[in-house]
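Peer 1: I need the structure of the sequence given here:
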Amino acid sequence: MKNQFSDNIWNVLACPCCCRRLVRNGDDGALCAHCQTAYAYTDSGSLDLRLKKQRTYGLQFQLGVHLPPDDLTTFGPLRTHPSPEVAFSGIKVPYHLTAEILSHFPKARGKGSLVLDLGCGDAIHRTVCEYAGFEYAGLDYDSSGAPFLGDAHALPFADSSFEFILSIAVLEHIRFPFVMMREAHRVLQPGGHFIGTVAFLEPFHLDSYYHHSHLGTLNSLQYAGFKAHQIAPHEEWTVLKAQAVMALFPGMPRRFSEMLVVPLQAFHRLWWQARRLKNPKLDLNERIRNTSGSFAFIATR
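Peer 2: Purely as a prediction, here's the structure:
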């Protein structure tokens, strides 16, 4: 069954090859009014907006410039927002969307507000995004459940199309992360929110390319033009848990593989507490940051 897109969404679709507007092409899909490239629906109903030909994307880097701090001094764990805009109560949310991340979700400003779920998989975040008042647009490179198929390096959307972008566990799978970040910045509205997560000490998985440290995440965001508000290590998803679940004991029930590393994690915490007795100025955020499996980031354009 083909996805039925509103006029609101059709108005922001753009050709990934030449960046010009896409128009409906009857029941066949979409057509670029400029370069005449046609984009068809897949058998599962997704609109396939992946690149039809190679494209060059130019980037420039300023050397000899220090990384601006963006007022991020501790890189500590993400805390619940004291005044969340949306109260996610009474609905089922994916397990990887923690209460802390959800508390930073923006509320849609109006009826026509759009959210881009970048790397959406089977659109598992649709419910929470719509609960926050957004009209949902999910894009993935190769998922039958995604409304749109597309390349994060060449997003098929017009400039300033979205009020909110969500990207969970995607950045590590991007071959050219600086390009994806630039594209995300391009299609986000000024003042819009960009929330996501990226792997750090998780093992290689699903063709992952660049696992980001806290400084790598900050650098990618700042290079694209984002204002980073928080870059936070996941306190519970540690390197030990990540390695046990994803690499050491694949296929084992998750709770059992996690239990196997509990003694070592407990000793790790005790060791750092003992170090702090000797040096009270020791920052325990360093322990969490340096052993986290992933980072969350909260940014705006």
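
Peer 1: show me where the protein dips below the pLDDT cut-off.
Peer 2: Within the chain, the set of residues satisfying pLDDT under 70 comprises 1, 70, 73.

Peer 1: ok, 90 please
Peer 2: Across the chain, the stretches falling below the confidence threshold (pLDDT under 90) are 1-4, 65-74, 89-90, 95, 283-284.

Peer 1: centre-most residue in it?
Peer 2: S167 (1.9 Å; C-alpha atoms, centre = their mean).

Peer 1: got a list of what the closest residue to that residue other than its chain neighbours touches?
Peer 2: Nearest-residue entry for S167: G196, 3.7 Å, with adjacent residues in sequence omitted and distances by C-beta to C-beta, 6 or more residues apart in numbering. Bear in mind the C-beta positions are built from the backbone N, C-alpha and C, glycine included. When the contact criterion is C-beta atoms under 8 Å, 6 or more residues apart in numbering, the partners of G196 are 118, 165-168, 170-171, 296-297.

Peer 1: now R24
Peer 2: Going by C-beta under 8 Å, 6+ apart, the list of residues near R24 reads 10, 30-31.

Peer 1: and for A242?
Peer 2: For A242, the contacting residues are 201-203, 293-294, taking C-beta under 8 Å, 6+ apart as the criterion.

Peer 1: how far away is L22 from H34?
Peer 2: 10 Å (C-beta to C-beta, to the nearest Å).

Peer 1: strands paired with the strand ranked longest in the chain, and their directions?
Peer 2: Taking DSSP state E as the assignment, the strand of the chain that covers the most residues is strand 188-199. Partner strands and pairing direction for strand 188-199 (DSSP bridges) are strand 162-167 (parallel), strand 294-300 (antiparallel).

Peer 1: possible to save those as JSON lines with distance to Q222?
Peer 2: Written out in JSON lines, the entries for these read as follows (distance: least, C-beta to C-beta, whole Å):
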{"stretch": "strand 162-167", "distance to Q222": "16"}
{"stretch": "strand 294-300", "distance to Q222": "9"}
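
Peer 1: how much space between the residue lying closest to F75 once chain neighbours are set aside and F134?
Peer 2: With C-beta to C-beta, 6+ apart as the criterion, F75 has its nearest non-adjacent residue at 4.5 Å, and that residue is H214. When C-beta to C-beta is applied, the distance between H214 and F134 equals 28 Å.

Peer 1: A87: what's it in contact with?
Peer 2: By C-beta under 8 Å, 6+ apart, no residues touch A87.

Peer 1: so it is in which element?
Peer 2: Under the criterion DSSP states H and E, no helix or strand holds A87.

Peer 1: make sure I have this right: L215 is in a strand.
Peer 2: No - the assignment for L215 by DSSP: H, G, I helix; E, B strand; the rest coil gives helix, which leaves it out of any strand.

Peer 1: how about the nearest residue to it, chain neighbours excluded?
Peer 2: For L215, the nearest residue in space outside its immediate sequence neighbours is L67; the separation is 6.7 Å by C-beta to C-beta, 6+ apart.

Peer 1: and if you look at F176?
Peer 2: Counting by C-beta to C-beta, 6+ apart, H153 is the residue found nearest to F176 once chain neighbours are left out, at 5.8 Å.

Peer 1: and the helices in the stretch 201-301 of the chain?
Peer 2: In the stretch 201-301 of the chain, the helices defined using DSSP state H, counting those that start in this stretch lie at 214-224, 239-243, 254-259, 262-278, 284-290.

Peer 1: please save the CA atoms from the longest one in CSV.
Peer 2: This means helix 262-278. These are the backbone C-alpha positions of helix 262-278, laid out as CSV (Å, rounded to 0.1, in the frame of the first residue of the first chain):
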residue,chain,number,x,y,z
VAL,A,262,27.4,-6.6,36.9
PRO,A,263,30.3,-7.6,39.2
LEU,A,264,32.9,-5.9,37.1
GLN,A,265,30.7,-2.7,36.8
ALA,A,266,30.3,-2.7,40.6
PHE,A,267,34.0,-3.0,41.2
HIS,A,268,34.6,-0.2,38.6
ARG,A,269,32.3,2.1,40.6
LEU,A,270,34.0,1.2,43.9
TRP,A,271,37.4,1.9,42.4
TRP,A,272,36.5,5.3,41.3
GLN,A,273,34.9,6.1,44.6
ALA,A,274,38.2,5.0,46.3
ARG,A,275,40.1,7.3,44.0
ARG,A,276,37.9,10.2,44.9
LEU,A,277,38.6,9.6,48.6
LYS,A,278,42.3,10.3,47.7
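
Peer 1: which residues sit against that helix?
Peer 2: Contacts made with helix 262-278 from outside it, assessed by C-beta under 8 Å, 6+ apart, are listed as 238, 240-241, 282, 284, 287, 291.
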